[in-house]
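K.L.:
here is my input, please return the structure:
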Amino acid sequence: MAVAEKVNSRLTLVLDDGNDLMTGKAVYKSKSFNNVKPEATSDQLYAIATAVSGLQERPLYNVERQDDYEITQE
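P.N.:
You can find the predicted model right below:
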């Protein structure tokens, strides 16, 4: 049986950069933080993201988390 173990996480802040002048569509910029502890909870990451977003020039639009897993045979 295969087992998946979380080995790394990345936290990404998606920031609102206004609207494109030509199309009027929303434009977003992102800032990523690597090597986030895999055992960090969603609540902890959201609290960090909102605290760090206060230091940014652009308003926070979304918070994303990407987890990497290692799959091995048990």
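K.L.:
please, where are all the strands along this structure?
P.N.:
Remark: strands assigned in the chain by DSSP state E are 2-19, 26-36, 60-73.
K.L.:
the residue nearest the centre of the chain pairs with what?
P.N.:
The residue lying closest to the centre of the chain (Cα atoms, centre = their mean) is T12, at 2.3 Å. Taking DSSP bridges, one obtains S32, E64 as the residues bridged to T12.
K.L.:
next, the contact list for the closest residue to S9 other than its chain neighbours, please.
P.N.:
Nearest residue to S9 in three dimensions, chain neighbours excluded: V36, at 4.1 Å (Cβ to Cβ, 6 or more residues apart in numbering). Placement of C-beta: from N, CA and C, glycine included. For V36, the contacting residues are 8-11, 45, 65, by Cβ atoms under 8 Å, 6 or more residues apart in numbering.
K.L.:
10 Å instead?
P.N.:
Contact analysis of V36 by Cβ atoms under 10 Å, 6 or more residues apart in numbering lists 8-11, 44-45, 48, 65-67.
K.L.:
which of the residues you listed are buried?
P.N.:
9, 11, 45, 48 (16 or more other Cβ atoms under 10 Å).
K.L.:
coming back round to it: dump the contacts of V36 to CSV, plus distance to M22 and pLDDT.
P.N.:
CSV is the format used below for the contacts of V36 (distance: Cβ to Cβ, whole Å; pLDDT from 0 to 100):
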residue, distance to M22, pLDDT
N8, 38, 93
S9, 36, 94
R10, 31, 97
L11, 31, 97
Q44, 40, 96
L45, 35, 96
I48, 35, 95
R65, 32, 97
Q66, 31, 96
D67, 36, 95
